[in-house]
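Trainee: return a 3D structure for these sequence lines:
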Amino acid sequence: MLGYPPGRKPTTAVRPTALLFVLSLALLPACRLLGGGDGWREVTRHAWRLTSIEGRAPLPGVLIRLELDDGGRLFGSLGASPYFGTYERSGRTLRMGKIGSALPPRASEGARQEERYLALLGESDAFALADERLVLSRRGVESLEFVAEP
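Mentor: As a prediction, this is how the structure comes out:
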C-alpha cells in the first residue's frame, strides 16, 4: 500500500489542506479588488464617464469619457472631439505619455474645461477604484473622478 500504517485503511475523510483549497476557490470571486488586488483589470474593462473635475461637476451637456486598454493606450471623447494617448502603469502608479486631441481652437467655458481635463489627465500619477468609481490623482490630490459606464 501507499504508506498507510499496518491495519489502517484509507479513509474518505477530507484532509484540511484539501478543504482549505476548495474554500479558497469558492471565495475567489469575492476578492473583487480585481486584477490582482489593485483593480486594474476592472479599470480596463469599462468605459468611464467624468463626474468630477477638481471636486466640481463637469459642465452640463458635455460628456467626457475615458477608456484605457491593457496595451498602454488611452482614448476617449470630449463631447464630440476624440482624444488619445499612452500611459504606463506599475501597481497603482501611472505615468501618462503624450495625449493628443482633435480639439478645434475655441474660446468658451466648455473649451477651457476640456483643456483643463486633458492637462489633469496628463499629470495623473495614481489611481484608485471603489464602487465602480475611478479616481485619478496627481501628487496625492484627487483631480478626476469617473463612474463606470455599462
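Trainee: what's the helix or strand for the closest residue to Ser101 other than its chain neighbours?
Mentor: Leaving out its chain neighbours, the residue that sits closest to Ser101 by CB to CB, 6 or more residues apart in numbering is Tyr83, at 3.8 Å. Bear in mind the C-beta positions are built from the backbone N, C-alpha and C, glycine included. Using DSSP states H and E, Tyr83 sits within strand 81-90.
Trainee: so the residue nearest to Ser101 versus Gly97, what's the distance?
Mentor: 13 Å (CB to CB, to the nearest Å).
Trainee: ok, Phe127 next?
Mentor: As judged by CB to CB, Phe127 and Gly97 stand 15 Å apart.
Trainee: same deal with Val147?
Mentor: Using CB to CB, one gets 25 Å for the distance from Val147 to Gly97.
Trainee: Provide a complete list of residue ranges assigned to helices in this protein.
Mentor: Assigned by DSSP state H, the chain shows helices spanning 16-27, 40-45, 109-123.
Trainee: how many neighbours does Arg133 have?
Mentor: Other residues within reach of Arg133, judged by other CB atoms under 10 Å, total 14.
Trainee: now it, nearest residue through space, not along the chain?
Mentor: Going by CB to CB, 6+ apart, Arg133 has Val147 as its nearest residue, at 5.7 Å.
Trainee: how much space between that neighbour and Asp70?
Mentor: 21 Å.
Trainee: okay, Phe127 and Gly97: which has more neighbours?
Mentor: Applying other CB under 10 Å to Phe127 and Gly97 shows that Phe127 carries more neighbours, namely 22 against 12.
Trainee: how about the nearest residue to the more buried one once chain neighbours are set aside, what does it touch?
Mentor: Spatial nearest neighbour of Phe127, excluding adjacent residues (CB to CB, 6+ apart): Leu136 at 5.5 Å. Counting by CB atoms under 8 Å, 6 or more residues apart in numbering, Leu136 makes contact with 94, 120-121, 124, 126-127, 142-146.
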